[in-house]
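Q: Next come a sequence and a model predicted from it.
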Amino acid sequence: RDKLPPELVYLVEKIFDDMIRNDKMVRYFVLHYPGGTLTYPGVPPSKLARLKSERRLVAEVEKYAAKYNARTNIVETVISVPDKDNNLWAHIEMGVSPAAVESGILRTIMNSVLVGILCFAGSLGLAWYFLGNILVPVQRLKAAAAAISGGDLDQRVSITTDDEIADLGRSFNTMTDSLKLRIEDLNTVQAFSKEISSCLGREELFRTITRRFNVLSASSHAAMMALTKEKDGFQIASGVNVVDERARLPLDGPVISELLKKGEEIFLPPPVRESPEMTIFFPNVNVPPEFSVLALPVAIRGRVNPVIFLGGDKLKTDADSRRLYRTLLGHASSAVQNSRLYELAITDGLTGVHLRRHFLSELERILESIADSDPRLALVMLDIDHFKRVNDTYGHPEGDFILVSVADTLKETLRVSDLRFAERA
């Protein structure tokens, strides 16, 4: 005590006293410092005697952190004490009851067991989370991909979470929807092309094109219009729910003129403003408020002819539908062009009526088709009286004018399904 400042001795003894008073497991304290030792009451007599007689024990204290003294039944532990410069200044030796050590070991074991249980439970929870939120969704995604690759385009990924895997599933479903739509469009284009390619006649072709666009667009009204012979307007060639099948539209109408100028589709959203074009669907241009119209140009060699009008309150005008319409218009353009070439081959260049070869071929086909069903058939033949006198008196140009007039009268009178034939003598 004489070699240490009194305030330090007081502080050390106060700490030791508080420790022994508060912890019954602590038996004694010994402070080993370079100048000697400071013992606190409670040090076993044998220990105290050895400290006084063998000062070298102070140097040996650093060799161990804790050891059991069988003679005193005390566990001796050592704690290093640094100075303010963090240099080793002293050691505190503390005598602890073995029961405290045993209790600490048991607590350590119990804590370790508890930690192990918690870790195991956490692993199970993590495995369950991985299984339910990662592995199962991935397996569903894999199964859906396998089904789709096998041709089942109705297969979709079931989404039950809201994480990255769910985002992947949504993207996969969107991709599948788009793929299914594209394949449906391809099938539609293929069926459309196959159907119109079998139509050689212009009228049959126009009816087929109008009907197909009417169904695909979910329109309630449809009309396909072609340039008149005089090229002064457009006349209905085929229609669905039209007011007059012989209706004509002028070239200077707002929609027609825009189609001829730009050659692009025109969409009129509801309410459709009054325009001459609406007279083909409604008398007096009395258009319902929810009615919309889509005008589609059929361009052949850069010229718009014919045009298609689609109208209705449930008309499909979304981007995908319009892309499909444009594809179909390309096929329709080729079919119309081919039909014109076919018409040139089977019709008279002056009157536009069918030639004898086509008449006989069609007559044979009709006779075969009704042979086993309805044998009733009317064949009408007519002649122009005194036609030779007209040619001889007024000349062949006047005779040609009469032939064209008679042919036009027949075309305007006969039904679409009737043969239009005239044999020129």
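A: Okay, I see it. Numbering: from 1, shown residues only.

Q: all helices in this structure, in order from the N-terminus.
A: 6-22, 45-53, 57-60, 98-130, 136-149, 164-197, 202-216, 254-262, 319-346, 356-370, 387-394, 396-413 (DSSP state H).

Q: Nearest to Phe234 among these would be which one?
A: When those are compared by Cβ to Cβ, helix 254-262 sits nearest Phe234, at 6.3 Å. Where C-beta positions appear, they are placed from N, C-alpha and C, glycine not excepted.

Q: I'd like the distance from the closest one to the chain centre, please.
A: 35 Å (Cα atoms, centre = their mean, to the nearest Å).

Q: Could you shift the numbering so residue one becomes 729, and keep it that way?
A: Noted, 729 is the first residue going forward, which turns the last one into helix 982-990.

Q: And the contacts of it?
A: Outside helix 982-990, the residues within contact range by Cβ atoms under 8 Å, 6 or more residues apart in numbering are 962, 977-979, 994, 996, 1003-1005, 1021, 1023, 1025, 1032, 1035.

Q: at 10 Å what do you get?
A: Outside helix 982-990, the residues that touch it by Cβ atoms under 10 Å, 6 or more residues apart in numbering are 953, 961-962, 977-981, 992-994, 996, 1000-1006, 1021, 1023-1027, 1031-1033, 1035-1037.

Q: Any buried residues in that helix, and which?
A: 983-984, 987-988 (16 or more other Cβ atoms under 10 Å).

Q: got it, and stretch 868-880?
A: 868-869, 872, 876.

Q: Which of those sits closest to Gly897?
A: Leu869 (6.0 Å).

Q: quick one: contacts for the closest one?
A: Leu869 neighbours (Cβ under 10 Å, 6+ apart): 885-887, 893, 896-897, 900.

Q: Which per-residue confidence value corresponds to it?
A: Here, the pLDDT recorded for Leu869 equals 70.

Q: again, but for Thr765
A: 74.

Q: Tell me what it is bridged to.
A: Thr765 has the following beta-bridge partners by DSSP bridges: His760.

Q: ok, how many other residues are close to it?
A: 19 (other Cβ atoms under 10 Å).

Q: quick one: contacts for Ala942?
A: Wrong residue type there; residue 942 is Asn, not Ala. Per Cβ under 10 Å, 6+ apart, neighbours of Asn942: 948-952, 966-969, 1036, 1038, 1040.

Q: Return the distance of it relative to Leu854.
A: Distance of Asn942 to Leu854, computed by Cβ to Cβ, to the nearest Å: 60 Å.

Q: Repeat that for Asp972.
A: From Asp972 to Leu854 the distance is 76 Å (Cβ to Cβ).

Q: If I look at the residue nearest to the spatial centre of the chain, what pLDDT would I see?
A: Nearest to the mean C-alpha position of the chain, by Cα atoms, centre = their mean, lies Thr902 at 2.4 Å. With respect to pLDDT, Thr902 has a value of 82.

Q: so Asp880 sits right up against Leu907, yeah?
A: No - Asp880 is beyond contact range of Leu907, at 11.7 Å (criterion: Cβ atoms under 10 Å).

Q: Adding distance to Thr1141, write the buried residues of stretch 868-880 out as TSV.
A: Formatted as TSV, the buried residues of stretch 868-880 follow (distance: Cβ to Cβ, whole Å):
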residue	distance to Thr1141
Arg868	67
Leu869	66
Ala872	62
Ile876	57
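
Q: of these, closest to Asp813?
A: When the buried residues of stretch 868-880 are compared against Asp813 (criterion: Cβ to Cβ), the nearest one is Leu869, at 64.4 Å.

Q: How about Ile748: what's its closest non-neighbour residue?
A: Val754 (5.1 Å; Cβ to Cβ, 6 or more residues apart in numbering).

Q: so the one you found bridges to which residues?
A: Going by DSSP bridges, Val754 forms beta bridges with Val824.

Q: Is it in contact with Ile820, as I believe?
A: No - using Cβ under 10 Å, Val754 is not in contact with Ile820; the gap is 11.3 Å.

Q: Perfect, I'm done here.
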